[in-house]
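Trainee: What follows is a predicted protein model with its sequence.
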Amino acid sequence: AIGGAGITIGGIGMSSKSYGRIIGANDRVKVGILGFSSRFRGSLSKAFLKYAEEMNFEFFTVCDIWNRRRDEGQAWYKEATGGTIGTVKNTDELWDQKPDAVIISTADFQHALLLAEAVRAGAHVYCEKPFAETMDDANEGLKAAKETGKVIQIGSQRRSGPNYHAAHDYIQSGKFGKIVAVEMTWNVNQPGRWRLPELTKQIKESDTDWKRYLMNRPYEKWDPRKYLEYRLFWPYSSGIPGQWMAHQIDTVHWFSHLEHPRSAVANGGVYLWKDGRSNFDTMTAVFDYGPMDKPDEGFQVIYSSRQTNASGGTKEWYFSNGGKLDLDTNMVNSDGGLTENHAKAMGKEPFLLETFELPQIKVEAEANTGSDPLTNAHMKNWMECVRKGDVKTNAPVEAGYCHSIANIMVTAALRTGQRATFDEKKKQVIAGGKVFKY
């Protein structure tokens, strides 16, 4: 992917300093747990432990600023492995222990900044998505990654799915034809999604570190909902764009070899779940994609998501003039392709794709409930790359940077009501003629 942003995916070179940090084949890799979250306890921990023994990796400490999570981490590790694990209460203490690697599964807005800390402390990183919710954070994370050459895997696990690899290769082969449109949805009917009312009643400010939690966000008084239910509140999370769209829009960048949209418009609102949240329960975004220097070439992406009705579920449909690639059914067919009668009107030949099946693997919308094949494969890929010192993971830091641009463009469009673009010189999202911050 070559573009004005200058962030070729997979393009970070390894310095001699980085080569010097390749872990020996017989050395045990010490991994810190940075954020003992439900996402970690679900898919991430199961995937790691599935391969830890054979690949000589181990968890050695739990880092969390809430004392309850540290205690839960120790209890979980005892139950899962029969062993014991240490704890630290902040990243200062964690870096003093010099971990070989860390898994970051904290609040959304902390990911890129903690990644920057981690790699500068000498640790390889598996970092949950979204990579960043502001361009300042994304730029800092990318800068640190380039400076250090550490092995980074962004938690965009579709990039480790055989069906997605087959789809990418098919589109890039030219047999699919030019992408003319993409339609994506992620619909659920889950009033309790991202809510933790009982825990919110129990947590006390004195049991955690509120100022450290806020990092670079504007200071405000202690709010347990924004600590535990952060996905409902901007600027701690964008909600739907960062949680769900980040997965799906990433495939657009991957398949098309385009780094980011040329523009985005969006609308939405809190139409039903009126519980004080500031992030929308329903939204639709429309993107324009194509080469920045060729405005007459490209395609449109329509993304919609709602938390108020599950009909339609999760879908990812790619269209060419010859048919459709469906990553829900993992089928390619001639649906909607150019038939002979209509081809004549444009002086063209008919174009109908041959029907065939991609490798079958199902992506579940219930991403936090347990281990899954994609997360297993994604974690294994990272562990293999850490062992080899190979920065070319399936989802390198540039993938996270690119999905963050798209997410932030949508957030800007939703919150300003203006068309959003990306300024490649400033490395900032622009909406209404202004740099979008919060």
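Mentor: Ah, there it is.

Trainee: Go ahead and flag the most central residue of this structure.
Mentor: Central residue check for the chain by CA atoms, centre = their mean: the C-alpha nearest the mean position is that of Lys129, 3.0 Å away.

Trainee: helix or strand right after the helix-or-strand element of the chain with minimal mean pLDDT?
Mentor: Counting by mean pLDDT, DSSP states H and E, the chain has its least confident helix or strand at helix 16-19, which shows a mean of 48. Toward the C-terminal end, the helix or strand that comes next after helix 16-19 (DSSP states H and E) is strand 29-34.

Trainee: Can you dump the C-alpha atoms of that next one in CSV for me?
Mentor: Extracted in CSV, the C-alpha atoms of strand 29-34 (Å, rounded to 0.1, in the frame of the first residue of the first chain):
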residue,chain,number,x,y,z
VAL,A,29,9.3,-15.3,26.7
LYS,A,30,7.9,-13.4,29.7
VAL,A,31,4.6,-11.7,28.9
GLY,A,32,2.8,-9.1,31.0
ILE,A,33,-1.0,-8.7,31.1
LEU,A,34,-1.7,-5.0,30.7
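
Trainee: Against Ser320, how distant is Ala343?
Mentor: 14 Å (CB to CB, to the nearest Å). C-betas here are computed from N, CA, C, even on glycine.

Trainee: out of these two, which sits in the more crowded spot?
Mentor: Of the pair Ala343 and Ser320, Ser320 is the one with more neighbours under other CB atoms under 10 Å, namely 22 against 16.

Trainee: For that one, which residues are in contact?
Mentor: If you count contacts by CB atoms under 8 Å, 6 or more residues apart in numbering, Ser320 has them with Phe176, Gly177, Lys178, Ile179, Val180, Gly337, Phe351, Leu353.

Trainee: Skipping its backbone neighbours, what lies nearest the last one in space?
Mentor: In this structure, Leu353 finds its nearest non-sequential neighbour in Gly323, 3.5 Å apart by CB to CB, 6 or more residues apart in numbering.

Trainee: what is the rounded mean pLDDT of stretch 338-345?
Mentor: In this model, stretch 338-345 has an average pLDDT of 91.

Trainee: Sorry, slip of the keys, the one I care about is stretch 95-111.
Mentor: Along stretch 95-111, the predicted confidence averages to a pLDDT of 98.

Trainee: ok, and for it, which residues are buried?
Mentor: By neighbour count, and taking 16 or more other CB atoms under 10 Å as the criterion, the buried residues in stretch 95-111 are 95, 99-111.

Trainee: could those go into JSON lines alongside distance to Lys226 and secondary structure?
Mentor: Supplementary listing: the buried residues of stretch 95-111 in JSON lines, determined by distance: CB to CB, whole Å; DSSP: H, G, I helix; E, B strand; the rest coil:
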{"residue": "Trp95", "distance to Lys226": "26", "secondary structure": "helix"}
{"residue": "Pro99", "distance to Lys226": "28", "secondary structure": "coil"}
{"residue": "Asp100", "distance to Lys226": "33", "secondary structure": "coil"}
{"residue": "Ala101", "distance to Lys226": "29", "secondary structure": "strand"}
{"residue": "Val102", "distance to Lys226": "24", "secondary structure": "strand"}
{"residue": "Ile103", "distance to Lys226": "24", "secondary structure": "strand"}
{"residue": "Ile104", "distance to Lys226": "19", "secondary structure": "strand"}
{"residue": "Ser105", "distance to Lys226": "18", "secondary structure": "coil"}
{"residue": "Thr106", "distance to Lys226": "14", "secondary structure": "coil"}
{"residue": "Ala107", "distance to Lys226": "9", "secondary structure": "coil"}
{"residue": "Asp108", "distance to Lys226": "12", "secondary structure": "helix"}
{"residue": "Phe109", "distance to Lys226": "11", "secondary structure": "helix"}
{"residue": "Gln110", "distance to Lys226": "13", "secondary structure": "helix"}
{"residue": "His111", "distance to Lys226": "17", "secondary structure": "helix"}
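
Trainee: Pipe these into TSV and attach distance to Thr185 per row.
Mentor: Rendered in TSV, the data for the buried residues of stretch 95-111 read as follows (distance: CB to CB, whole Å):
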residue	distance to Thr185
Trp95	41
Pro99	39
Asp100	40
Ala101	35
Val102	34
Ile103	30
Ile104	28
Ser105	26
Thr106	28
Ala107	26
Asp108	21
Phe109	25
Gln110	28
His111	25
